[in-house]
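Asks: Build me a model:
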Amino acid sequence: MTSTQPIDPRTFRNVLGQFCTGVTVITTLHDDVPIGFACQSFAALSLDPPLVSFCVQNSSTTWPKLKDLPSLAISVLGESHDEAARTLAAKTGDRFAGLETESRES
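Replies: Prediction:
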């Protein structure tokens with residue numbers, strides 16, 4: 001996937017250099033409905049071009065819905081997001097229930 005805005009390599013390196021481990025959320029809108037999953041296996045892959053890597057569980061039922069879409073968003077969760085992480089990691093139900101989300105056209 002290609003970003004619509006240029007990514008400054010130094011900023012990209014500084015941001016990802018501060019993320020040694022944690023939880024991310026891989027998400028997008030599909031038919032105006034947010035879909036996504038919590039992901040713990042996320043890492044920087046390359047500065048030029050700016051790339052990241054994440055791994056998906058073989059049995060994921062969400063990944064098949066995301067994999068062919070034109071763009072994904074990756075959100076890094078912080079310490080104060082433990083409840084959101086649990087909600088987003090659920091196997092069933094509305095993973096976005098009670099969460100504020102923001103979407104952009106890009």
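
Asks: relative to its centroid, which residue of this structure is most remote?
Replies: Within the chain, the residue lying farthest from the chain centre (CA atoms, centre = their mean) is Arg10, at 20.9 Å.

Asks: Is it correct that it falls within a strand?
Replies: No. Secondary structure of Arg10 (DSSP: H, G, I helix; E, B strand; the rest coil): helix, not part of a strand.

Asks: After the least confident helix or strand in the chain by mean pLDDT, which helix or strand is next?
Replies: Across the helices and strands of the chain, mean confidence by mean pLDDT, DSSP states H and E is lowest for helix 9-17: a mean of 77. Later in the chain than helix 9-17, the nearest helix or strand by DSSP states H and E is strand 24-30.

Asks: Could you pull out the buried residues of the following helix or strand past that next one?
Replies: Following strand 24-30 in sequence order, the next helix or strand is strand 33-39 (DSSP H and E). Buried residues in strand 33-39, counting neighbours by 16 or more other CB atoms under 10 Å, are found at Pro34, Ile35, Gly36, Phe37, Ala38, Cys39. To be clear about C-beta, it is placed using only N, CA and C from the backbone, and glycine gets the same treatment.

Asks: Can you tell me which of those residues is nearest Ala97?
Replies: Taking CB to CB as the measure, Ala97 lies nearest Pro34 of the buried residues of strand 33-39, at 10.6 Å.

Asks: correct me, but the closest one touches Thr27?
Replies: Yes. Between Pro34 and Thr27 there is a contact at 5.9 Å, judged by CB atoms under 8 Å.

Asks: gap between stretch 92-99 and the chain center?
Replies: Mean C-alpha position of stretch 92-99 versus that of the full chain (CA atoms, centre = their mean, to the nearest Å) differs by 16 Å.

Asks: Can I get that stretch as PDB, trimmed to CA atoms?
Replies: The C-alpha atoms that make up stretch 92-99 are tabulated as PDB, following Å, rounded to 0.1, in the frame of the first residue of the first chain:
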ATOM      1  CA  THR A  92     -16.800 -12.100  18.900                       C
ATOM      2  CA  GLY A  93     -19.100  -9.100  19.200                       C
ATOM      3  CA  ASP A  94     -18.600  -5.500  18.200                       C
ATOM      4  CA  ARG A  95     -14.900  -4.800  18.800                       C
ATOM      5  CA  PHE A  96     -15.500  -1.100  18.500                       C
ATOM      6  CA  ALA A  97     -18.400  -0.800  21.000                       C
ATOM      7  CA  GLY A  98     -17.800   2.100  23.300                       C
ATOM      8  CA  LEU A  99     -14.700   3.300  21.500                       C
END
